[in-house]
Each structure stands twice: as C-alpha cells, then as structure tokens.
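Student: Build me a model from this:
(2 chains)
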Amino acid sequence: MFSKILIKLIDEAIVPALYLITVRIVSLVFISRSLDIPINLGPSGFMYTSQSDYMQVNSYSLLFMVLALCLGLLHVIVKSLVFHDTHISPPLAAKLHSFKAQHLIQNSFHLYSQGVVWLAYLYFLTIGAGLMSLFGLLYAWITYVSLGFAVLFTYIFILDAEKEINES
Amino acid sequence: MKVNKPEYFEIKFATDLMLLILLLALLALPVASLGLSGVQPGASPQIAGSSTSSPR
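Tutor: Coordinates of the predicted model:
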C-alpha cells in the first residue's frame, strides 16, 4: 500500500542525517578548541562571545559537514561505478564471489536511492550555506566549494545513469 | 473490512503525503542543525578582545 520508493528513501535518509548532525556537533567543539575560541553551551546551543568567532567556527564546521558528505557520496559513487550489478566486470564479480563478498554488488534501485538522498543533503546544505553567507554568517567561498562538489557529484551520477541506459 | 476503490486511493494518497513530509523533515534535519550555534545576545560584532567604541 505504501509507496516503495518513498519508504526506501526514508530508510536511506536516516543514517546520513544522524551522521551529519554528529559531524556538526563534533566539528563545532573541535574547531572551537583548536582555535582557542571560548564556547558556552546554553539552552539555544553553542554560543560564542563575538560575531567574528561565530562566523569562523560556523564556516569551518560547515566545511567539515560538506567534506563528510563528500566522503559518503564517494562511497556511493565507487559502488555505483565499480560494483553496480548492471556493469560490473565479470572477473571482478567472480573475485567477489570467491571472497564471499557478493553483498558489495548492488542493484540500481539501492544505489540510486542512496545517491539521491546523499545528493539531496548536499544541495540542501548548499542552499543553507548560501543563505547564511547572504546574511554574513558564513564565508562565501564555502558556498562555492559546496556548490562545486554538488555539481561534480551530480555529473558523475548522470554519467553512471547514461552508462546504465546504454548497456540496457 | 472491505475498502472501496476511491477510499483506497484517498488513504494511499494521504499515507504517501505523510511519507513525503517525513522524508522532507529528515532531509531538513542537518540544515536545521546549522542553527545549533549562535552569538550571545549583546556580543561584540568585532573580534573578541578588540574595542568597538570610538575615542572621544
């Protein structure tokens, strides 16, 4: 009765959401500590004593989040380019079976739903970064880096989808 | 209990809509975490330790 695609997308979205929130909290504390910036934990979160301190920590923390997202996307892209069941090379498939690692070979539905979720997170973060840099809460170059990664990963996914269409 | 066809589609549409809202909420969570940090009220707009008042 429920939409299979929506349930799969929700299923795939839980782990990256928790991962990104963890990266955000850890990076805020880590960057404040490493830059010797005083930080107070109040009812509304981590509070900084000056606007420039906040901007610096916020910018590097968002950069950490973008890099963490790129790591996850790289993992999905390697799986979709190398271990995709529609275009995995026969010797590699045989090797994986001999090592009993056939679970690494995944189908398009699984890979593309994962890819869509991770890419959506990257685009949402880029929009958030753009808005924050508009209001002077973030260095503008972080937005450009995030947008660059989003475009690059989208292009790689399109290439993989084209490969799949051509082979079917 | 037997459910007739229009009712079935109404229930399916409602559940799909709820799932879509849940998905969007999940996708918005990391962006919402950007609001975990802020500046203390009344904080200086300049670098901490520097003076913002002009000499008279």
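
Student: Would you map the strands across chain A?
Tutor: For chain A, the strands defined by DSSP state E cover A:39-42, A:45-50.

Student: and those as CSV, adding mean neighbour count, distance to A:Lys79 and mean pLDDT?
Tutor: Every C-beta, even on glycine, is put in place using the N, C-alpha and C of the backbone. As requested, the strands of chain A are exported to CSV (neighbours: other CB atoms under 10 Å in any protein chain shown; distance: least, CB to CB, whole Å; pLDDT from 0 to 100):
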stretch, mean neighbour count, distance to A:Lys79, mean pLDDT
strand A:39-42, 11, 38, 84
strand A:45-50, 19, 35, 88
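
Student: Next, the angle strand A:45-50 makes with the helix or strand bottoming out on mean pLDDT in chain B.
Tutor: Using mean pLDDT, DSSP states H and E, strand B:37-44 stands out as the lowest-scoring helix or strand of chain B, at a mean of 76. Counting by axes from the mean of the first three to the mean of the last three CA atoms, to 10 degrees, strand B:37-44 lies at 30 degrees to strand A:45-50.

Student: Which residue, neighbours along the chain excluded, lies closest to A:Ile77?
Tutor: A:Ile156 (5.5 Å; CB to CB, 6 or more residues apart in numbering or on different chains).

Student: Same question for A:Thr143.
Tutor: Excluding the flanking residues, the one nearest A:Thr143 by CB to CB, 6+ apart is A:Ala129, at 4.4 Å.

Student: what residues are up against that neighbour?
Tutor: By CB atoms under 8 Å, 6 or more residues apart in numbering or on different chains, A:Ala129 lies in contact with A:Leu62, A:Val66, A:Leu138, A:Ile142, A:Thr143, A:Ser146.

Student: Thanks a lot, catch you later.
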